[in-house]
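# What shape does this take:
(one chain, ligands or ions: 1)
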Amino acid sequence: MTQGAHRDDVVVIGAGFAGLYALHTLRGLGYRVTVVDAAADVGGVWYWNRYPGARCDVESLQYSYSFDEQLEQEWQWTERYAGQPEILRYIQHVAERFDLRRSIRFNTRVVSAEFDEVRHLWRLRTQEGLDLEASYCVMATGALSLPRLPDIPGIESFQGPVHHTGAWPAQGVDLSGLRVGVIGTGSSGIQVIPQLAQHAAHLTVFQRTANFSIPAWNRPLAPQDQAAFKSAYREHRARAREIGTLYEFSDKGAFDVTPMEREREFERRWDKGGVNFVHAFNDLSTNKAANDTIADFVRARIRRIVKDPAVAQSLCPYDHPLGTKRICVDTGYYETFIRPNVRLVDVKKTPIDRFDSSGVWVAGQHVKIDALVCATGYDALTGAVLAIDIRGRAGSRLRDKWAQGPRTLLGIMTAGFPNLFIITGAGSPSVLVNMIVGIEHHVQWITDCIEYMKASGQSTIEPSVQAEDRWVEHVNAAANRTLLPLANSWFLGANIPGKPRVFMPYAAKIGVYRRECQAVADKGYEGFVLVPKTQPLQA
Ligand code: N01
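This next block holds a predicted model:
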């Protein structure tokens, strides 16, 4: 053992939904587990995303753990879509209820992880100088957890406060009465902009790409509705394991009905609110002409809300099919642009030249701002994994291996990096489905795998290169059957200059994917190379 290293069976990086459930499950089976997290407490993305308006767009009764029926029944959600404070309270409640904090080291950032081929274990180093060792390393690092600030010339010279939505100060930020600039109109921007507009003296929104957004129509949850849903929780959860989120899927194509019927269906779903809107017909994600009908409907709605034709035109997305960038769900987003204290700057037409100490230069004009909010997104799916210097067999670096894009088998493991598991990573449905459904599935699969390893006397497991290659092809083929690769989205890494353009999540129904994972396990981890305890690891 490294001098002073802390030794466990499993080390888990991240104390969000994934890390906490992994800890609860593995510790419950008698494994020694340590969780490390850079934050001061549990919560993961819900710890960091405290910006005003932060809210989940999966309904709260579905965006919750299913592993404990008592927890499920006792926790009372107050709104249709829970806000960040309520979700964080829920996660804190789970940590207390299952006594999880005692196994978590907070304020601890892992900087490197190296596989020791002689001792068959992972050696981890933290920024604080702590050494950890474990037979298994579980990356519960989150798909959207490495915030990205815009690299606009001069931004470092701006003298006012700069806040990224994904690293919002825990004590909150008072922007009332200030001239505020906000960059970014993805899900975070669309949520924070209406809130900022209410408090700022003036708000300038710098939009690079217009996005499609659907009203949430959030509301308090009626006790009888909550009770009714909970009385059928087992059926709802079983269905969610098949389809992700309990949307109302249609068995009709957009052109199987008359234009009037189609319009009525879009209206009905718009009036109900939320992501369910995009499932109005079964070919909207695969047929561009069908997609045009729903995109036209949303553009007409934008024009109906925003009367200024030039502003409305800028807010209308034309450069990607609806749903190929993650659909946004809002509360009063388009209405915000009617306010007299809000100005939209379309930076595709009038690019940001540079920042200076007191504001932004746009097309030769100076826009004075006192504070800047960056809702500029994340180095998604691979960013937080590769932020750690991970070295596998023969000292090979994961950053080098993934230089042309992530390569995994089932999205869970990668060849050459034995006993390293990734939760909801690239190559799994991940961000395309309800994250908690995906997390619970992965934790269960990983736990079963570790139990199998123990029962059968195995020391290491990793994918074979051939099986991994087949899986990568399979994931690409699934994406190519949809319209998803048509947008310059973070799904493809398009938001990060130099990031390889590879569609990262697996665009299959979670039920299909679960069966694929189960089949692999049932066949004794087919496609994986297992090395028994007595045998040295082959190079
Ligand atoms: O990030 P994004 P996000 N100059 O990458 C713009 C989840 N989430 O934090 O599109 C100007 O989507 C960028 O422009 P463009 C959800 O999965 C969920 O909003 O690259 N603009 C874009 O408009 C979501 O999809 C919830 O041209 C720049 C924006 O910044 C994911 O997190 C809430 C720029 C970034 O949008 C990420 O969402 C919040 C620059 N230099 C988040 N750089 C809910 O559950 C970037 N942009 C509701």
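
# element containing residue 367, please.
Taking DSSP states H and E as the criterion, residue 367 maps to strand 365-368.

# what's in contact with that strand?
Strand 365-368 is contacted from outside by 179, 181, 204, 345, 356, 358-361, using CB atoms under 8 Å, 6 or more residues apart in numbering. Heads up, the C-betas are built off the backbone N, CA and C, glycines and all.

# Partner strands of it and their direction?
Strand pairing for strand 365-368, using DSSP bridges, gives strand 359-362 (antiparallel).

# Grab the CA positions of the partner strand and hand them over as PDB.
Only the C-alpha atoms of strand 359-362 are listed here, as PDB (Å, rounded to 0.1, in the frame of the first residue of the first chain):
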ATOM      1  CA  GLY A 359     -19.000  45.800 -20.700                       C
ATOM      2  CA  VAL A 360     -19.200  44.200 -24.200                       C
ATOM      3  CA  TRP A 361     -18.400  45.600 -27.700                       C
ATOM      4  CA  VAL A 362     -20.900  44.300 -30.200                       C
END
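
# hmm, that strand touching the ligand?
No. Strand 359-362 lies apart from the ligand when judged by CB under 6 Å from any ligand atom; the minimum separation is 10.7 Å.

# cool, and stretch 245-262?
No. Under the criterion of CB under 6 Å from any ligand atom, the ligand is not reached by stretch 245-262; the shortest gap measures 11.4 Å.

# which of the contacts of strand 365-368 has the most neighbours?
Highest neighbour count within those, by other CB atoms under 10 Å: residue 181, with 29 neighbours.

# domain assignment for this structure?
If you go by automatic domain parsing, the domain ranges for the chain are 6-146+380-532, 148-211+332-377, 247-324.

# Could you dump these into TSV with mean pLDDT added?
Putting the domains of the chain into TSV (pLDDT from 0 to 100) gives the following:
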stretch	mean pLDDT
domain 6-146+380-532	98
domain 148-211+332-377	97
domain 247-324	98
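
# so how far is the helix or strand that contains residue 225 off the chain centroid?
Per DSSP H and E: residue 225 is located in helix 223-231. Counting by CA atoms, centre = their mean, to the nearest Å, helix 223-231 is centred 28 Å from the centre of its parent chain.

# ok, now stretch 13-28?
Distance, centroid of stretch 13-28 to centroid of chain: 17 Å (CA atoms, centre = their mean).

# Equivalent analysis for stretch 483-502, please.
Centroid separation between stretch 483-502 and its chain, computed with CA atoms, centre = their mean, is 15 Å.

# can you tell me the distance between the two ends of that stretch?
Chord length of stretch 483-502, first to last residue, is 14 Å (CA to CA, to the nearest Å).

# now stretch 357-376
With CA to CA applied, stretch 357-376 spans 20 Å between its terminal residues.

# from here on, count from 18
Happy to do that; since the first residue is 18 now, the last one works out to stretch 374-393.

# do the strand holding residue 384 and the ligand meet?
No. Using CB under 6 Å from any ligand atom, strand 382-385 stays clear of the ligand, with a minimum separation of 13.8 Å.

# hmm, back to that, any chance you could list what contacts the helix holding residue 242?
Here helix 240-248 makes contact (CB under 8 Å, 6+ apart) with 78, 89-90, 93-94, 253.
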